[in-house]
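S.K.: with the input below, show me the fold.
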Amino acid sequence: MRSISTLSPVLLLALAGSVSGQADGFFPASIDLSSLDGTNGFVINGIDSDDRSGWSVSSAGDVNGDGIDDLIIGAPIADPNGNFRAGESYVVFGRTTGFGASVELSSLDGTTGFIINGIDAGDYSGSSVSSAGDVNGDGIDDLIIGAPLASPNGTIAGESYVLFGRTTGFDASLDLSTLDGTTGFTMIGSDENDCIGGSVASAGDVNSDGIDDLLVGSWPTVFNQNYYSRTKAVVVFGQTTSFGASLDLSSLDGTNGFIMEGLRRQDEFGSSVSSAGDVNDDGIDDFIIGAPGFGDDFPVAPHFAGDSYVVFGRSTGLDASLDLSSLDGTTGFVVNGIDIGDHCGESVSTAGDINGDGIDDLLIGVHYAGSSYGDPNGNAGAGESYVVFGRTSGFSASLDPETLDGVTGFVLNGIDASDFSGVSVSTAGDVNGDGIDDLIIGAFGADPNGNSAAGESYVVFGRRCRADVNHDGMLTPTDFTAWITSFNANAPECDQNDDGVCTPADVDAWIANFNAGCG
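M.R.: Below you'll find the model as predicted:
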């Protein structure tokens, strides 16, 4: 049996010295969006006054099947076909031939993208938009669009629309009223004032059947006529058989999806939803839902502190409804807001794998953190965002963000008062090409260049500290002892040079990683 048990003289020399080097930044410290010229990015211009194009934005996946990812943009106050605030959404196709400094949404012609028209006045379609993954299992990405103020089953029950991707092409515009089960389908809110469709996302594959699923939440109750109701979120399972032209969400029975209801009145459960990736590393996708609102158990829970619920995916035992109070650490867990007025969970997202340990992480926006309610001595409304690292060692039923210590996750603090950093958060993919996922955080109240509330967005590069084998957040010689243990156990931490195997060559790689540091 191979084993390593002593520090070599070479290793001791490496530990005695300190080597720290970092390449020049791949991006400048700041980018003025007015400098986008087609070579470094581009601007997408809305069509008519007060359309509010850009209210919601998302990757569309590859909806036309040409191998290049596309974009989707919502404009919920647009007036398609003369229908006041029916809303529009726009798909802009990705391409390798380049973009000019700007794209005019009015120029979309079916070859460059297309317009998606809402149905009835006041529907606000496009309030939320997202890639749906591949929900019908045909190998092409699909789209989902929310219209939370549509009234199919009573006033503002809400609707959401799934549009199937296809390689046969699109016309310059598409009316959501034409979805017929072959081109897509409509999900119908079940009860008056549900406002289903206020948030939409792909859930990943939460039931482990090999087909992507859908996640749809409510708009906050402040927008509807029943302020004391409990809001909802639903998971709809993808399937290779036909959905039909419409799916009434009251028909979800555990085999085709399930429903969840907020635990407290006015908690705004479902106002943000996202796939969580596989945060417990069991091979099945998980999801996260924000509830940033009031909570009618004040003062037991801080007023408007907010919660975020992480639900683990599973292949068995799903009923027609899921009681969030049953989350016990094995089925999921809740991330609790800290202070009065924080609004934890206003935005939620997978963080991808930001620390490079092979397990997906979580990102939660808390845009009112530091508010006059929560911290009168701080920067009022500067905002925070929480990164919670995924792990295989399990979670408790609840997680207090104050315990995040660099090993379990970390906090990203906003800069100035009223920046509201964390109002929107998302994984950014790997934007600097170093093989590790990055983050993007929005702060719509920031004042760059002296421009009041022009807003800022921050990209945070992911990084991994390969030499910190014992995951204590520090680099010390004890990490080599931990590496020896991982070598003898053929554990993943042994592979320091990313060649997929554990060999003595990883000793030299560990030394290099140690000297490179974790900065």
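
S.K.: which residues of this protein fall in helices?
M.R.: 9-16, 478-489, 505-516 (DSSP state H).

S.K.: JSON lines please, covering these and showing mean neighbour count and distance to Leu179.
M.R.: Every residue, glycine included, has its C-beta placed from N, CA and C. Listed next are those as JSON lines, based on neighbours: other C-beta atoms under 10 Å; distance: least, C-beta to C-beta, whole Å:
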{"stretch": "helix 9-16", "mean neighbour count": "12", "distance to Leu179": "62"}
{"stretch": "helix 478-489", "mean neighbour count": "19", "distance to Leu179": "52"}
{"stretch": "helix 505-516", "mean neighbour count": "19", "distance to Leu179": "52"}
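
S.K.: in terms of mean pLDDT, which of those ranks lowest?
M.R.: The weakest mean pLDDT among the helices of the chain belongs to helix 9-16, with a mean of 38.

S.K.: against Asp267, how distant is the residue nearest the centre of the chain?
M.R.: Nearest residue to the geometric centre of the chain (C-alpha atoms, centre = their mean): Ser349, 2.4 Å. Per C-beta to C-beta, to the nearest Å, Ser349 is found 20 Å from Asp267.

S.K.: how about Ser326?
M.R.: In terms of C-beta to C-beta, Ser326 sits 17 Å off from Asp267.

S.K.: cool, and Gly118?
M.R.: 28 Å.

S.K.: between those two, who's got more neighbours?
M.R.: A direct count of neighbours by other C-beta atoms under 10 Å for Gly118 and Asp267 places Gly118 higher, at 32 against 26.

S.K.: give the contact list for the more buried one.
M.R.: Applying C-beta atoms under 8 Å, 6 or more residues apart in numbering, we find Gly118 in contact with 76, 78, 80, 83, 86-88, 124-126, 147, 176.

S.K.: as JSON lines, the helices of the chain with distance to Leu33 would be great.
M.R.: What follows is the helices of the chain, written out as JSON lines (distance: least, C-beta to C-beta, whole Å):
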{"stretch": "helix 9-16", "distance to Leu33": "44"}
{"stretch": "helix 478-489", "distance to Leu33": "42"}
{"stretch": "helix 505-516", "distance to Leu33": "33"}
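
S.K.: closest one to Ile72 among those helices?
M.R.: helix 505-516 (39.4 Å; C-beta to C-beta).

S.K.: before we move on, back to that, would you tell me which of the helices of the chain gets closest to Gly169?
M.R.: Closest approach to Gly169 among the helices of the chain (C-beta to C-beta): helix 505-516, 49.2 Å.

S.K.: run the angle between that closest one and helix 478-489 for me.
M.R.: 160 degrees (axes from the mean of the first three to the mean of the last three C-alpha atoms, to 10 degrees).

S.K.: which of the helices of the chain sits closest to Phe287?
M.R.: helix 478-489 (31.5 Å).

S.K.: which elements pack onto the closest one?
M.R.: helix 505-516 (3 or more C-beta pairs under 8 Å, 6 or more residues apart in numbering; DSSP states H and E).

S.K.: output the contacting helices and strands for the helix it packs on.
M.R.: helix 9-16, helix 478-489.

S.K.: can you rerun that using 6 Å?
M.R.: Helices and strands touching helix 505-516, by 3 or more C-beta pairs under 6 Å, 6 or more residues apart in numbering; DSSP states H and E: there are none.

S.K.: how far away from the center of its chain is it?
M.R.: Offset of helix 505-516 from its chain centre (C-alpha atoms, centre = their mean, to the nearest Å): 34 Å.

S.K.: for that helix, C-alpha coordinates in PDB please.
M.R.: Provided in PDB are the C-alpha atoms of helix 505-516 (Å, rounded to 0.1, in the frame of the first residue of the first chain):
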ATOM      1  CA  ALA A 505       3.100  14.300  -8.800                       C
ATOM      2  CA  ASP A 506       0.400  16.000  -6.800                       C
ATOM      3  CA  VAL A 507       3.000  16.800  -4.100                       C
ATOM      4  CA  ASP A 508       4.700  19.300  -6.400                       C
ATOM      5  CA  ALA A 509       1.300  20.600  -7.400                       C
ATOM      6  CA  TRP A 510       0.300  21.100  -3.700                       C
ATOM      7  CA  ILE A 511       3.600  23.000  -3.100                       C
ATOM      8  CA  ALA A 512       2.800  25.300  -6.000                       C
ATOM      9  CA  ASN A 513      -0.700  25.900  -4.900                       C
ATOM     10  CA  PHE A 514       0.400  26.600  -1.300                       C
ATOM     11  CA  ASN A 515       2.900  29.200  -2.500                       C
ATOM     12  CA  ALA A 516       0.400  30.800  -4.800                       C
END
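
S.K.: which stretches of the stretch 1-150 of the chain form strands?
M.R.: Ranges of strands in the stretch 1-150 of the chain, per DSSP state E, counting those that start in this stretch, are 43-45, 56-61, 70-75, 88-92, 102-104, 113-117, 128-133, 142-147.

S.K.: right, I mislabeled it, should have said the stretch 351-500 of the chain
M.R.: Under DSSP E, counting those that start in this stretch, the stretch 351-500 of the chain gives strands at 361-366, 384-388, 398-399, 409-413, 421-429, 438-443, 456-460.

S.K.: how about residues contacting the shortest one?
M.R.: Right, strand 398-399. With contacts defined as C-beta atoms under 6 Å, 6 or more residues apart in numbering, strand 398-399 is touched by 333-336.

S.K.: got the domain boundaries for this structure?
M.R.: 1-30+465-519, 42-261, 316-464 (automatic domain parsing).

S.K.: now do the same end-to-end measure for the last one.
M.R.: The distance separating the two terminal residues of domain 316-464, taken as C-alpha to C-alpha, to the nearest Å, comes to 34 Å.

S.K.: neighbours around Ser271, how many?
M.R.: With other C-beta under 10 Å as criterion, Ser271 counts 31.

S.K.: roughly how far does it sit from Ile288?
M.R.: 12 Å.
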